[in-house]
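**Q** Dropping the sequence and predicted coords here.
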Amino acid sequence: MAQRVRKAVLPVAGLGTRFLPATKAMAKEMLTVVDRPLIQYAVEECLAAGIEEFVFVTGRNKGAIEDHFDHAYELEATLAQRGNKQAELKQAEQATIKPGNAIFTRQQKPLGLGHAVWCAKPWIGREPFAVLLPDELMVGTPTCTAQLVAASETTGGSVVAVVEVPREQTKSYGIAAIKGEKNGLAEITGLVEKPRPEEAPSNWALIGRYVLEPEVFDHLDRHETGAGGEIQLTDALAKMIGGKPFHAMRYSGGRYDCGNRLGFLEANVAVALGRADTAGETRALLERLLKG
């Protein structure tokens, strides 16, 4: 019987240069979509998939992430004393990760996503684990990670989430070569990091959600560099092909690339329109702005 996915790695060491000056003194993962920071959406996605333990791979000036998932005693005490702030108190408490279930480790140098995942190795051990890039906001039920976990229980081995992108965009993604698609799952026969459109094996792009077997660390241990002179996770995954089962799962839920300003703006609007407490006012606001 396959081992249950209990742990997740969240690489959050990036500098967020595309959001300067907002990220000069604030972690980009703490940018809010409506009323929650991006990193909280990622953690909630994990919890909905049954994941219990989190390894945050951080960098300098990322202390706000750790603080966010801790108890805020003064805030919670003040809200409790006021009596009429129970909803707000519940929101603050729900942003807390249980004691002992979060590890924060540093990636001292920006050596690539593969290196960031490798930094989590001592806490993952030899278990299957999820990887989530918080820049990618996934919206849907069941969550993207829950779908991946369910798929991995069916196929065994590693499963990565993919979407089809225009051919000219392949140079911005890891791209999978696949065969035998059935019910949204396909066997991966090759992986290439950011290929030129004319060299891409397909237009199936990896979108920052993975369930991986621990053998990936055996390849990341070598610290081999690839595209951009960085240690690429995609390169390590490519070396796993031919071993244990390795599949791509076509993801059809909502996806917003919050790594760029327009995608971040789109996410705020889409999430606000999708929530019962904000949909009406948001729609009215947009209509008013468009008329102006």
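**A** Structure received.

**Q** C-alpha only now, for contacts and for neighbours.
**A** Noted.

**Q** I'd assumed Pro99 was in a helix, is it?
**A** No - assessed with DSSP: H, G, I helix; E, B strand; the rest coil, Pro99 is coil; it does not lie in a helix.

**Q** Neighbours of it, how many?
**A** 9 (other Cα atoms under 10 Å).

**Q** Check the gap between it and Glu53 for me.
**A** 10 Å (Cα to Cα, to the nearest Å).

**Q** Same check on Ala150?
**A** Ala150 sits 18 Å away from Glu53, taking Cα to Cα as the criterion.

**Q** So those two - more neighbours on which side?
**A** Using other Cα under 10 Å as the criterion, Ala150 and Glu53 rank with Glu53 on top: 23 against 15.

**Q** which ones are touching that one?
**A** Applying Cα atoms under 8 Å, 6 or more residues apart in numbering to Glu53 gives the contacts 6-8, 101-102.

**Q** tell me the phi and psi of it?
**A** phi -120, psi 140 (degrees, to the nearest 10).

**Q** Could I get the full set of strands for this protein?
**A** 7-11, 32-33, 36-37, 53-58, 102-106, 129-132, 136-139, 158-164, 174-182, 185-193, 204-212, 246-250, 254-257 (DSSP state E).

**Q** which regions of the stretch 1-150 of the chain sit below the pLDDT cut-off?
**A** Low-confidence segments of the stretch 1-150 of the chain, defined by pLDDT under 70, span residues 1-2.

**Q** so where's the stretch 151-292 of the chain shaky on pLDDT?
**A** In the stretch 151-292 of the chain, no residues with pLDDT under 70.

**Q** So Gly156 sits against Glu213, correct?
**A** No - in this structure, Gly156 is not within contact of Glu213 by Cα atoms under 8 Å, at 9.3 Å.

**Q** These two: which has the busier surroundings?
**A** Glu213 (24 against 18).

**Q** Tell me the spatial nearest neighbour of that one, not counting adjacent residues.
**A** Pro128 (4.5 Å; Cα to Cα, 6 or more residues apart in numbering).

**Q** how close does that neighbour get to Leu113?
**A** 18 Å.

**Q** the more surrounded of those two?
**A** In terms of neighbours (other Cα under 10 Å), Pro128 is the more surrounded of Pro128 and Leu113; the figures are 23 against 19.

**Q** And that one, how close does it get to Leu212?
**A** With Cα to Cα as the criterion, Pro128 and Leu212 are 6 Å apart.

**Q** Just give the nearest non-adjacent residue to Arg255, would you?
**A** Using Cα to Cα, 6+ apart, the nearest residue to Arg255 is Met138, at 4.6 Å.

**Q** typed the wrong thing, it's Ala72
**A** Counting by Cα to Cα, 6+ apart, the residue nearest Ala72 is Ala92, at 7.8 Å.

**Q** Pretty sure the one you found sits against Glu74.
**A** No - using Cα under 8 Å, Ala92 makes no contact with Glu74, being 11.3 Å away.

**Q** out of those two, which sits in the busier spot?
**A** A count of neighbours by other Cα under 10 Å puts Ala92 above the other of Ala92 and Glu74, at 18 against 9.

**Q** Please enumerate the helices of this structure.
**A** 38-48, 63-68, 73-82, 86-94, 113-118, 121-124, 144-155, 216-220, 233-240, 261-274, 279-291 (DSSP state H).
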